[in-house]
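Peer 1: Quick one: sequence and predicted model below, then my questions.
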Amino acid sequence: MSETLELDPRDRGGPAQPMLRVDGLKKYFPIRGGLLNRTVATVQAVDDVSFLVHKGETLGIVGESGCGKSTTARLLMRLMDPDSGSVVFDGDAVGDLRGITVNEMRRQMQMVFQDSYSSLNPRMTMAESIAYAPRMHGLGRKEAYDRAESLLAQVGLNPRQYARRYPHELSGGQRQRVNIARALALEPRLVILDEAVAALDKSVEAQVLNLLGDLKEKFNLTYLFISHDLNVVEYMSDRVMVMYLGRVVETGPVEQIYRHPRHPYTRALFASKPTLDPDRRTTEMPLTGDPPNPINPPSGCRFRTRCAFAEAVCAEKAPALAAPLHGDYDESSPHLVACHLPAAQRAMGAHHV
Amino acid sequence: MSHTTMDEFATGARPAADDVPATAAPGYWKSVGQRLARDPVTLAVTLVLIGILIITIGAPLVTSYDPFAGSVMARLKPIGTPGHWLGTDETGRDLWTRLCYGGRMSLLAAILPVSISLCVGGALGVFAGYAGGLVNTMIMRTMDVFYAFPSILLAIAICGILGNGLSNAILALAVVFIPPMVRVSETVTTQARQLDFVEAARASGTTTFQVIRYHVLANVLGPILVYATSLISVSIILSAGLSFLGLGVTPPQPEWGLMLNSLRQAIYVQPYVAALPGLMIFLTSMCFNLMSDGFRSAMDVRLSK
């Protein structure tokens, strides 16, 4: 369990091979109605999303509610089927004849849900919940429960105290620790944390974040960290991906995104971030209006209806992710932004350092 | 590290009590049992039902009369007649004996159809609820067709097609009870399926069968069983009704519905005696109803301290 990344026998492509390569992921939800239950509209929940997750890193996904963060997570776990797009796990296409099956992928990729209570079976004790997946995958009863107890200890819960407890007997923070232990029970390599700390109060949240950091080192994990909380994402992530209305608008290393956000939406998002430092007071105009209806998203750039810089070109075609259009970045920069306008990318609010 | 001590605080494990094994919390079914034990009404009706069951199964032990042999001399005796403490029926057979033996048929014709529909309908409903989509629509719309008929009419029609007799009546009632059983189990399964722990189980790469067995069934079995118990009370009345109409048990077999029918003509001569089979039907049906109510409230309570 404690072998290093290079020694992990499951590592196929070496450290340069991305752990996860997502290409053109798309999910539209049909809205049915009218005569004969026809499809009258579609919600474009996730539209052409592509990204990489490198081995050993934490990729943060941020965006406001309804931008497709959680749908992306569910698509990756195949809890729902994507309309199109491919997922390649460590060089193996998922669901492809020459690749690995969905179930093989699920053994290496696990997920922690937001609601710590409803993600635990109320009829199972903590040890049973954690031991469930290993047992179903053929581990003996004794071994599975030993592993469950050891994992409980790893997440900071004394097995003698908690192994035989039911979910309603634990606090939210304790339950989320159990959920983390449950996700680790199959010894996954990638863990998707879908708003895993959002429902916890601040002091508990900090402890769970620290725990996640410790576990990442101990088990050589790669995280996909989904959250709407910008501070938490900054604290956890190596790289950040910003989503808006089902599309990726900007992605890059965490310092660059947080210090030099390029996309007008990213900047507006950070401008809305509360700060306790009076020297970093927000002067940028807040965004007005709600996000547009994803049933009929704006043509071209989806942000243009709320963007102060929008021009004619923005309505005509959707901007592709590309290196920022001016100045201080070279072509090989991992910082990518989906915006047509150099002026919009250059304009800077006073909030950044 | 300062967060280590915070950790201990948050996990609620005080160092002194750290290594004391926790007293095991009662499991779900155990806590249901505890709540039932504290519910006097449910306890009472359950005892009454057990009493009825013992008397009917042990009928030869509680009466010395032959349920088929009557005496013309002793026709329609009132309640309290020496030798026949519940009176006699229109052919002079001891009514207490007839009631005891008749309960066998009545209970069999009530419980067996519900058991069959529980197995068939429950499985179909859980399958429909878990599969969702087109499979769900096909199963549920087919069930809706049966809903178009009132249940007693449907039972009579099926009996009419199959011909009378106990086994046909049981089969007819089972068919009648399958659609509501499917509907109830489909509803609870659809709800349970959307819970995060079912998603988490699916995400752990286990098979559909394992997810249903360990995660869905444990959480839907309670409401389905409660509904099945409440169906028994309906089933008693319906099967008695079929016998009353001559579609179920055939004379001279003792059965409560049939006895009610044949004593009907004596209602002006011996009204109390004639009412006794009806009273038994009412009592048993009500007890099953109250018992299912008790189960429902005992299971409904969220697991909490």
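Peer 2: Arrived safely, thanks for sending.

Peer 1: how about residue B:118, what does it touch?
Peer 2: B:181, B:224, B:225, B:228 (Cβ atoms under 8 Å, 6 or more residues apart in numbering or on different chains). C-beta here means a position set from N, CA and C on the backbone, and glycine is covered the same way.

Peer 1: residue boundaries of the strands in the stretch 1-150 of chain A?
Peer 2: For the stretch 1-150 of chain A, the strands defined by DSSP state E, counting those that start in this stretch occupy A:20-33, A:38-53, A:58-62, A:84-89, A:92-93, A:109-112.

Peer 1: Tell me which of those strands approaches chain B most closely.
Peer 2: strand A:109-112 (5.3 Å; Cβ to the nearest Cβ).

Peer 1: check whether that closest one contacts chain B.
Peer 2: Yes - contact of strand A:109-112 with chain B (Cβ under 8 Å from any Cβ of the partner chain) involves A:110, A:111.

Peer 1: sorry, back to before: want to throw the strands of the stretch 1-150 of chain A into TSV with mean neighbour count and mean pLDDT?
Peer 2: Formatted as TSV, the strands of the stretch 1-150 of chain A follow (neighbours: other Cβ atoms under 10 Å in any protein chain shown; pLDDT from 0 to 100):
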stretch	mean neighbour count	mean pLDDT
strand A:20-33	16	88
strand A:38-53	18	87
strand A:58-62	26	94
strand A:84-89	18	92
strand A:92-93	16	89
strand A:109-112	27	94
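
Peer 1: got the domain boundaries for chain A?
Peer 2: By the record's domain assignment, chain A is partitioned as A:2-124+A:169-237, A:259-350 (automatic domain parsing).

Peer 1: Name the stretch among those that sits most buried.
Peer 2: The highest average neighbour count among the domains of chain A, using mean count of other Cβ atoms under 10 Å in any protein chain shown, belongs to domain A:2-124+A:169-237 at a mean of 19.

Peer 1: My read is that residue B:238 contacts residue B:176, right?
Peer 2: Yes - counting by Cβ atoms under 8 Å, residue B:238 does reach residue B:176; the two are 7.3 Å apart.

Peer 1: so what's in contact with the two at the same time?
Peer 2: Counting by Cβ under 8 Å, 6+ apart, the contacts common to residue B:238 and residue B:176 are B:151, B:155.

Peer 1: any weak-confidence spans in the chain?
Peer 2: With no chain named, the answer covers chain A. For chain A, the stretches with pLDDT under 70 are A:1-7, A:35, A:280-286, A:325-333, A:343-344, A:346-353.

Peer 1: Chain B was what I was after
Peer 2: Across chain B, the ranges flagged by pLDDT under 70 are B:1-26, B:300-305.

Peer 1: ranges for the strands of it?
Peer 2: For chain B, no strands turn up when DSSP state E is the criterion.

Peer 1: tell me the centre residue of it?
Peer 2: Centroid-nearest residue in chain B, with Cα atoms, centre = their mean: residue B:229, separated by 2.6 Å.

Peer 1: how about the nearest residue to that one, chain neighbours excluded?
Peer 2: Nearest non-adjacent residue to residue B:229, counting by Cβ to Cβ, 6 or more residues apart in numbering or on different chains: residue B:292, 3.6 Å away.

Peer 1: coming back round to it: let's see if you can find the most crowded of the contacts of residue B:118.
Peer 2: Among those, the one with the most neighbours (other Cβ atoms under 10 Å in any protein chain shown) is residue B:181, at 26 neighbours.

Peer 1: wait, doesn't that residue sit right on residue B:117?
Peer 2: Yes - using Cβ under 8 Å, residue B:181 is in contact with residue B:117, at 4.7 Å.

Peer 1: Now the two most distant members of the contacts of residue B:118.
Peer 2: Spatial extent of the contacts of residue B:118 (Cβ to Cβ) is set by the pair B:181 and B:225 at 11.0 Å.

Peer 1: what's the neighbour count on residue 161?
Peer 2: No chain was given, so I picked chain A. Neighbour count for residue A:161, taken as other Cβ under 10 Å: 20.

Peer 1: please go with chain B instead
Peer 2: For residue B:161, the tally of surrounding residues (other Cβ under 10 Å) stands at 9.

Peer 1: How about residue B:167?
Peer 2: 11.

Peer 1: Repeat that for residue B:85.
Peer 2: By the measure other Cβ under 10 Å, the count of residues near residue B:85 is 12.

Peer 1: how close does it sit to chain A?
Peer 2: 49 Å (Cβ to the nearest Cβ, to the nearest Å).

Peer 1: the helices in chain B, which residues?
Peer 2: B:2-11, B:28-37, B:40-57, B:59-62, B:95-131, B:133-147, B:151-162, B:166-193, B:196-203, B:208-211, B:217-244, B:256-263, B:271-300 (DSSP state H).

Peer 1: For residue A:80, find the nearest of those helices.
Peer 2: Ranking these by proximity to residue A:80 (Cβ to Cβ) places helix B:196-203 first, at 9.8 Å.

Peer 1: tell me what the closest one is packed against?
Peer 2: With contacts defined as 3 or more Cβ pairs under 8 Å, 6 or more residues apart in numbering or on different chains; DSSP states H and E, helix B:196-203 has these neighbours: strand A:109-112, helix A:126-136, helix B:208-211.

Peer 1: And these: which comes nearest residue B:254?
Peer 2: Comparing these by Cβ to Cβ, helix B:208-211 comes nearest, at 45.1 Å.

Peer 1: Show me what counts as buried in the closest one.
Peer 2: For helix B:208-211, a neighbour-count test (16 or more other Cβ atoms under 10 Å in any protein chain shown) marks B:210, B:211 as buried.

Peer 1: Give the other helices and strands that that helix contacts.
Peer 2: Here helix B:208-211 touches helix B:196-203, going by 3+ Cβ pairs under 8 Å, 6+ apart.

Peer 1: what angle sits between the helix it packs on and helix A:126-136?
Peer 2: If you take axes from the mean of the first three to the mean of the last three Cα atoms, to 10 degrees, helix B:196-203 sits at 30 degrees to helix A:126-136.

Peer 1: Flag every residue of the stretch 151-300 of chain B that's near chain A.
Peer 2: B:195-197, B:199-207, B:210, B:214-215, B:218-219.

Peer 1: if you set the cut-off to 6 Å instead, what comes out?
Peer 2: Within the stretch 151-300 of chain B, the positions adjacent to chain A are B:195, B:196, B:197, B:199, B:200, B:203, B:204, B:205, B:206, B:210, B:215, B:218 by Cβ under 6 Å from any Cβ of the partner chain.

Peer 1: Surely the first one touches residue A:118?
Peer 2: Going back to what we said before, that points to residue B:195. Yes - with contact defined as Cβ atoms under 6 Å, residue B:195 reaches residue A:118; the gap is 5.2 Å.

Peer 1: For the helices of chain B, could you give me TSV that also reports distance to residue A:131?
Peer 2: Output for these, formatted as TSV (distance: least, Cβ to Cβ, whole Å):
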stretch	distance to residue A:131
helix B:2-11	20
helix B:28-37	18
helix B:40-57	35
helix B:59-62	50
helix B:95-131	23
helix B:133-147	31
helix B:151-162	45
helix B:166-193	21
helix B:196-203	13
helix B:208-211	13
helix B:217-244	15
helix B:256-263	51
helix B:271-300	26
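
Peer 1: how about the residues of chain A near chain B?
Peer 2: Residues of chain A lying near chain B (Cβ under 6 Å from any Cβ): A:77, A:79, A:103, A:106-107, A:111, A:113, A:115, A:118-123, A:133, A:136, A:156-158, A:160-161, A:164, A:166, A:168-169, A:173, A:204, A:207, A:210.
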